[in-house]
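Chemist: got a structure for you, letters missing:
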């Protein structure tokens, strides 16, 4: 006998998923930034700190909006009744990001240990708190991503369902760039861990890895992402994986717009 999970419980589970995905996204961004800064001889610099903190704030905004959007699409105009789930999600994800920041802060080799992690984390937390306050405030009055929550489902969204992901990932035309990058990175990460790659050529995996690396950058090159996603869709199509090919093509269209 199948037991139905209450809607509130399911939403709580999905918000936890989004936190985990967001943590992976920011960790990937951190590594990409540090590799680039190290290669340029600028690892121990204020510029590295700026880029790291920018990645944290962009990921926080995108992940918080992802959670709010999920609730809004699930329950429509009743979404404000679920702020008691969204607010703890937002606060806990702040802690996740700060832990991730602390884990790599010492690797920058800052001279004299200045500025200290404590001083920079206080600045970041203040910024994240401001963002949380605004997003939660908007959510309470029925707004998500600057748009009014509608009781009807967004007809411009495309859902990717199947074995390559554990749950639907939607890419909407209204989603912001950081959110789109977040969705794409999650999609490709799940694809790499799935059985769908078993029959794909090695160059397909290399292409996915290249796309993931690009998505981990503070400002991904949309043209490159579009080209690589189109190539991945082609590989899948050649092997008769029509559902996978169609899903990746739709994702590529989002970057080509």
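Modeler: That came in fine, so what should we check first? This is a predicted model, so every value here is computed, not measured.
Chemist: drop to CA atoms for contacts and neighbour counts, all remaining ones
Modeler: Fine.
Chemist: Residue 223: how many residues sit nearby?
Modeler: 12 (other C-alpha atoms under 10 Å).
Chemist: Spit out the contact partners of the residue nearest to the spatial centre of the chain.
Modeler: Most central residue of the chain, judged by C-alpha distance to the mean C-alpha position with C-alpha atoms, centre = their mean, is residue 182 at 2.5 Å. Counting by C-alpha atoms under 8 Å, 6 or more residues apart in numbering, residue 182 makes contact with 22, 25, 59, 62-63, 215.
Chemist: Check residue 246 too.
Modeler: Here residue 246 is in contact with residue 233 (criterion: C-alpha under 8 Å, 6+ apart).
Chemist: secondary structure class for it?
Modeler: Look at residue 246: counting by DSSP: H, G, I helix; E, B strand; the rest coil, its state is helix.
Chemist: And it, how far from residue 101?
Modeler: 37 Å (C-alpha to C-alpha, to the nearest Å).
Chemist: repeat for residue 53
Modeler: Residue 53 is 8 Å from residue 101, by C-alpha to C-alpha.
Chemist: same thing with residue 201?
Modeler: 36 Å.
Chemist: Compare neighbour counts for these two and give me the winner.
Modeler: A direct count of neighbours by other C-alpha under 10 Å for residue 201 and residue 101 places residue 101 higher, at 22 against 12.
Chemist: how about the more buried one, what does it touch?
Modeler: Contacts of residue 101 (C-alpha under 8 Å, 6+ apart): none.
Chemist: What residues sit buried inside the host helix or strand of it?
Modeler: Assigned by DSSP states H and E, residue 101 belongs to helix 83-105. Of the residues in helix 83-105, 83, 85-87, 89-90, 93-94, 96-98, 100-101, 105 count as buried by neighbour count, 16 or more other C-alpha atoms under 10 Å.
Chemist: can you check stretch 110-125 too?
Modeler: Buried-residue list, stretch 110-125, by 16+ other C-alpha under 10 Å: 110, 120-121, 124-125.
Chemist: Show residues contacting that stretch.
Modeler: Contact partners of stretch 110-125, identified using C-alpha under 8 Å, 6+ apart, comprise 44-45, 53, 57, 94, 98, 102, 105.
Chemist: Over to stretch 36-52?
Modeler: By C-alpha under 8 Å, 6+ apart, stretch 36-52 touches 29-30, 33-34, 108-111, 218.
Chemist: taking the residues you listed one by one, which sit in helices?
Modeler: 29-30, 33-34 (DSSP state H).
Chemist: thinking again about what came up before, reformat the contacts of residue 182 as JSON lines; add neighbour count, secondary structure and distance to residue 239.
Modeler: JSON lines is the format used below for the contacts of residue 182 (neighbours: other C-alpha atoms under 10 Å; DSSP: H, G, I helix; E, B strand; the rest coil; distance: C-alpha to C-alpha, whole Å):
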{"residue": "22", "neighbour count": "26", "secondary structure": "helix", "distance to residue 239": "32"}
{"residue": "25", "neighbour count": "24", "secondary structure": "helix", "distance to residue 239": "29"}
{"residue": "59", "neighbour count": "23", "secondary structure": "helix", "distance to residue 239": "35"}
{"residue": "62", "neighbour count": "23", "secondary structure": "helix", "distance to residue 239": "34"}
{"residue": "63", "neighbour count": "27", "secondary structure": "helix", "distance to residue 239": "34"}
{"residue": "215", "neighbour count": "26", "secondary structure": "helix", "distance to residue 239": "26"}
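Chemist: and these, which two are the farthest apart?
Modeler: Farthest-apart pair in the contacts of residue 182 is 63 and 215; separation 15.0 Å (C-alpha to C-alpha).
Chemist: Thought residue 142 was touching residue 148, still the case?
Modeler: Yes - between residue 148 and residue 142 a contact is recorded at 5.8 Å, counting by C-alpha atoms under 8 Å.
Chemist: out of these two, which sits in the more crowded spot?
Modeler: Per other C-alpha under 10 Å, whichever of residue 148 and residue 142 has more neighbours is residue 142, with 20 against 14.
Chemist: Look up how far residue 181 lies from that one.
Modeler: 25 Å.
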